[in-house]
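Show me how the following folds:
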Amino acid sequence: LFLRPAPVFLVFGLYCFLRFRFSQISASVGILLITETWVLCFISAILPFYGSGMPLIDAVYEGISGFTTTGSSMLKDFDATPHSILLWRAMIQWFGGMTVVFVFAFLLPMIGMGGKNLGSNEFGGNSSEFSQDVRTSALSFVRMYAALTFLEIVMLLIIGLIGIDSDRL
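All right, here's what the predicted structure looks like:
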């Protein structure tokens, strides 16, 4: 169920990576690329919910609320929900939190929008120095996000919740 759409998304992702890797893109193309990426993320989040028998409108709501990290859910009975769906829900919320920060702290400044204008008075030098500083900040964020995730897992294990049971808190 989870692997069926993977080849399509992998091919599209590889194409985008190879196509835009070394090219300088304009702000409008960058916004379009970010929008397309979000739409693909939403579709990939929705498919497993819909494939597990959830009504389409509930699957759309569950997938989009996961990636936008609202914490809202259409699931009524977590005990009756398959563990694979609970794990998928947790994963898209985790990736969604990271994606929101990446878009605003990393991608928008790369195309000359967002944080670049906010930090222009704070950073001396040229834009490549700022770009390198944004990359360093984004990497630091990923490390912190992973460390906090690991710390939460350890704390859940300490209080006796293992595996998927921790989603029921």
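
buried stuff in the host helix or strand of Pro7?
Using DSSP states H and E, Pro7 maps to helix 6-20. Residues of helix 6-20 include none that count as buried (16 or more other Cβ atoms under 10 Å). No exception for glycine: its C-beta is placed from N, CA and C like everyone else's.

I'd like to know how far Ile64 sits from Leu161.
From Ile64 across to Leu161, the span is 28 Å (Cβ to Cβ, to the nearest Å).

quick one on the thing from earlier: and the next helix or strand after the helix holding Pro7 with helix 6-20, angle?
As assigned by DSSP H and E, the chain's next helix or strand after helix 6-20 is helix 27-51. Here helix 27-51 points in a direction 170 degrees away from that of helix 6-20 (axes from the mean of the first three to the mean of the last three Cα atoms, to 10 degrees).

Can you name the next helix or strand after the lowest-mean-pLDDT helix or strand in the chain?
The helix or strand of the chain with the lowest confidence, counting by mean pLDDT, DSSP states H and E, is helix 115-118 at a mean of 48. For helix 115-118, the succeeding helix or strand toward the C-terminus, using DSSP H and E, is helix 127-158.

Any regions of this structure where pLDDT drops low?
22-23, 25, 103-135, 163-169 (pLDDT under 70).

Let's see that with 90 instead.
Counting by pLDDT under 90, the chain contains low-confidence residues at 1-45, 47-48, 51-53, 63-146, 149, 152-154, 156-169.

returning to what we had before: packing partners for the helix holding Pro7?
helix 27-51 (3 or more Cβ pairs under 8 Å, 6 or more residues apart in numbering; DSSP states H and E).
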